[in-house]
Structures are given as structure tokens and as C-alpha cells.
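Novice: for reference, the sequence and a predicted model appear below.
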Amino acid sequence: MNYKLAQSNYRHLVVGADSKIPLKNGQYISAINFDNAASTPPFVSVMEEINNFSTMYSSIHRGTGYKSKVSSQLFEEARSVVLKFVNADPHNDTVIFVKNTTEAINKLSYRLWDGNKKSVILSTWMEHHSNDLPWRNKFQVDYVQTDSYGKLSLESLEHKLKKHRGNVKLVTVSGASNVTGYVNQIHKIAELAHRYQAKILVDGAQLVPHNGINMKPRNSLQHIDYLAFSGHKMYAPFGIGVLIGPQETFSKGISEFVGGGTAETVTHDWVVWEKPPHNEEAGSPNVMGVVALVAAIKTLTALGMRNIDQYETQLTNYANLKLKSIPGITLYSHTAQGEPRIGVIPFNIKGLAHEQVATILSDEAGIAVRTGCFCTQPYIQQLLSITPKQMEFFKNNADAPRPGVVRLSFGLYNDFSEINALIYILEKIVKHP
Ligand SMILES: Cc1ncc(COP(=O)(O)O)c(C=O)c1O
């Protein structure tokens, strides 16, 4: 593979890819953003759509004016665009627009909450806090183990499905890790979950923007029951997220938030609730967010998720290869040739705190990364072999420097030349720490 030839064809599609920013010495330089797992910049198409649509923007659902009708139609039609993008079932599944993945998972946790103390949620050791904490106060939560590389163990999953047989309400798993970039075998996991009469939620925050996802038909054992993801991680940063799941989950009971838009008829004595998804979207909906999301989905679809995945994998392999050649760098994710992963690389430099490395990268080279635990503390504790006893110290020492790692995360617009710039400065740091 001649990496030099493979420059990003997608760079012009993103706003601000070549913005100039100041270094610590006052010199201006093109910003390099390797923090796409947190949030990506917007697509140009997203900004254009936002601008174009703003001339027609109006309150939706209950407005009678022309613009209201146009806005309402666009908002409702967006649900089909989303369903198609992830191959959800248009007859059974509903798309609920929320703020982000965190809100989507919280919402589902309330909907599945049955007050039964025996009900179990199987989360995993590699989950973002957003796919762990919402379950804790409502269910028994057990965590599927990861192996010494931090990869999810399907043996552990099956063991726990057997152990809690009949009580597992949901297996909830990230499609791809925001720490190691590992892509989980979600369809195998779905198959296992369904064999034990459990359902599956995929936290698609990292998987959907980089690899895409196929929820598969309902009659397949590999079907994904629920899916959550965020617009701001897929080039549409306008406060929009998605929860997809069967309508029947949201038909009974009452949403965790109620108010305007969620009820058909209200007296002081009784309420007839709207049907899904409207009973789940309390308050004035985020129309601009939906406009942005649809524009991003259209652009991603036109580019092809396979092409995006292939390009980002090349970037990741190249960066890994280069990082491995630098003495003193420890990498925390390991994939074999051809093993699926997303462009997330965690590392540390011997003798330097993770925050120090990030500061130098930003101050000296204009490179943005993220450091710390990325809201995935138990997983990082495991990867860094930090014991529960050692963690006790941080309970009473909130200001003590925390363990963590440096994370690179790529987007489709990143270039090989940007990785070369990173490697250049890392080599300098290692030589002159
Ligand atoms: C795997 C994963 N799940 C959930 C989240 C939460 O996403 P949001 O902040 O958009 O709710 C993130 C954010 O980084 C994530 O990486």
C-alpha cells in the first residue's frame, strides 16, 4: 500500500478542516483534529442544508401556516431516512428523536424498567458511562468480561446469559469502543441474546458514523432490537440523537418526560397519550437538528459507509505502524490484520503524564487529541491494570492527577500528512521529554 497516494478525497466535505490556529509561540498553523470520537466538525452539506432550510423553518406539528406544514413534513419524513440508513424495520420500528446517545439510552432504561428486582441488564466492561449508569438504579447490572487485550468475551456473555437465564431483559453493548476502537460482533451477540430470550441494544455512537450498521430483519436471530446514536459524532452537530426500537416498547406506560406534544386529549382527570414516537418527544422538537442529521446521512450514504470504513482503516493502520516504531510508546489496542475496528488509538508515552502529552501536541503542533478516561473509567482501569484498591484513593482525593491515556480518533477528512505531523512531534517528545 502506498500510503502517500491515499490522501483524503473527503477533506473538502468538512467545514474548517484547514482552519488556522495559533501555536504557543504565536505562529499560525493548520489545525489537526484527532478528536473525532468526541465530536466531528460539520459537513459542508449540513451547513448548506441548515441555511437553505432556515427560510422555511417554522414551528412544527400544530402550526397551520405553509412553512409549518413544510417543516412538519420534513421532520416526519426524516424518520424514514433514518430507518433506511440503518436498515431498521419500517413497519415495526419507530424512530424517536432525542438529544444524543445518552438521552436515548436513558429513555430506553425508563421504558424497560419493570420494577422487578430480578430483572438483569447485561452491560459490558467496555461501555461508556452512558451505557452503564442509566441501568444501575433500575436493574441488577452484570458486566460481560473483556480479555487481556480489552476485547469482549463471547464466552463470558454466554456464561452470564446462562447464569441469569430467564431474567435478562437486555444485553447492551457498544457497537465500537470509544477507547480501543474495537468493533464488537454485534450480530453474533444478538444471536446469543435472542437464543436466551433477551433483547439487544447497540450503543452506536462510535460505530454508526464510521462503519455504519445493519439492524437486520426482525425474523433474523441477528436482528438488533434497539439502536442509539448521536448526530454530533456524524458531522451533524445540532443537538440531535436517535433511539430506534419496536413501537410496542413505547406504546405501553408513560414516557419519562411528558408535556407538550405527548398527549392527544387531556382533562384534569385523565389523559389519552399520543402514539409512538410522539408520546416520547416531549416539548418542541429539534427541527434544525433533524435537518442536519438528514443532510449528514445523505452525504454519508452517497460516499458509501464501506469506502469511509476502508479509508479510515488505512489511516489507522498507518498510524499504528508508525506509533509502534517509536520507543517508549505503549499502545492499548491490538487488532490483527483485517480485524474490524474504527479509527481510535489509545496510547501513553513512558515517563509523561497523558495530559502533558496532549498539551504539548496542542501547544507545539496544533494537534487536538483527548486524554483521560473518556467517560469509560472501568474499562481504562482494566486496560491500565489499576486495582479497585488503588481507585479508592481517588474517592478522597478529587484533585489528584488521574490515570488515563491519550486518544487519537480519526474522521474521514483526516490525512496521512496529518499523521506524519503527529509522528514527527511524538518522536521529538520521546527524544527530549
Ligand atoms: C461509545 C459511546 N457511547 C455513548 C456516548 C455518549 O454520546 P453523547 O455524548 O452523544 O450522548 C459516547 C460519547 O463519546 C460514546 O463514545
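Specialist: Right, received. Where do you want to start?

Novice: helices along the protein, start to end?
Specialist: Under the criterion DSSP state H, the chain contains helices at 44-54, 66-85, 101-112, 133-136, 154-163, 186-195, 207-210, 287-303, 305-324, 354-365, 377-383, 388-396, 416-431.

Novice: hey, which of these is tucked in deepest?
Specialist: Greatest average neighbour count among these goes to helix 207-210 (a mean of 26), per mean count of other Cβ atoms under 10 Å. For the C-beta atoms, the positions are set from N, CA and C on the backbone; glycine is no exception.

Novice: if we can go back for a sec, of the helices of the chain, which shows the lowest average pLDDT?
Specialist: Of all those, the minimum mean pLDDT falls on helix 388-396 (a mean of 89).

Novice: returning to what we had before: so which of the helices of the chain is nearest the ligand?
Specialist: helix 101-112 (3.3 Å; Cβ to the nearest ligand atom).

Novice: just checking, what packs against that closest one?
Specialist: strand 93-98, helix 133-136, strand 168-174, strand 199-203, strand 226-230, strand 241-246 (3 or more Cβ pairs under 8 Å, 6 or more residues apart in numbering; DSSP states H and E).

Novice: if we can go back for a sec, okay, the helices of the chain in TSV with distance to Glu281 next?
Specialist: Compiled in TSV, those are given as follows (distance: least, Cβ to Cβ, whole Å):
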stretch	distance to Glu281
helix 44-54	19
helix 66-85	10
helix 101-112	10
helix 133-136	18
helix 154-163	33
helix 186-195	26
helix 207-210	20
helix 287-303	11
helix 305-324	27
helix 354-365	38
helix 377-383	32
helix 388-396	39
helix 416-431	39
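
Novice: those residues of the stretch 201-350 of the chain touching the ligand, which are they?
Specialist: Within the stretch 201-350 of the chain, the positions near the ligand by Cβ under 6 Å from any ligand atom are 203, 205-206, 230.

Novice: closest one of those residues to Asn307?
Specialist: The shortest approach to Asn307 among these belongs to Gln206, at 18.2 Å (Cβ to Cβ).

Novice: pretty sure that closest one sits against Gly343.
Specialist: No. Gln206 lies out of contact with Gly343 (Cβ atoms under 8 Å); the separation is 9.8 Å.

Novice: between those two, what contacts are shared?
Specialist: Residues touching both Gln206 and Gly343 by Cβ atoms under 8 Å, 6 or more residues apart in numbering: Gly181.

Novice: compare the helices and strands packed on helix 101-112 and give me the one nearest Val15.
Specialist: strand 226-230 (17.9 Å).

Novice: what sits against Arg195?
Specialist: Contacts of Arg195 (Cβ under 8 Å, 6+ apart): 161, 221.

Novice: how close does it get to Thr172?
Specialist: Distance of Arg195 to Thr172, given as Cβ to Cβ, to the nearest Å: 17 Å.

Novice: quick revisit: of the helices and strands packed on helix 101-112, which is nearest Gly411?
Specialist: strand 226-230 (14.1 Å).

Novice: ok so, going back, same list (the helices and strands packed on helix 101-112) but as a markdown table, adding distance to Glu158.
Specialist: Output for these, formatted as a markdown table (distance: least, Cβ to Cβ, whole Å):
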| stretch | distance to Glu158 |
| --- | --- |
| strand 93-98 | 27 |
| helix 133-136 | 20 |
| strand 168-174 | 11 |
| strand 199-203 | 14 |
| strand 226-230 | 21 |
| strand 241-246 | 24 |
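
Novice: of those, which is nearest Asn414?
Specialist: Closest among these, using Cβ to Cβ: strand 226-230, at 19.5 Å.

Novice: what angle do the closest one and strand 168-174 make?
Specialist: 30 degrees (axes from the mean of the first three to the mean of the last three Cα atoms, to 10 degrees).

Novice: which other helices and strands contact strand 226-230?
Specialist: Packing partners of strand 226-230 (3+ Cβ pairs under 8 Å, 6+ apart): helix 101-112, strand 199-203, helix 207-210, strand 241-246.

Novice: dump the ones you listed into CSV; add distance to Val357 as well.
Specialist: Below are the helices and strands packed on strand 226-230 laid out as CSV (distance: least, Cβ to Cβ, whole Å):
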stretch, distance to Val357
helix 101-112, 28
strand 199-203, 28
helix 207-210, 24
strand 241-246, 31
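
Novice: and Pro401, which of those is closest to it?
Specialist: helix 101-112 (26.7 Å).
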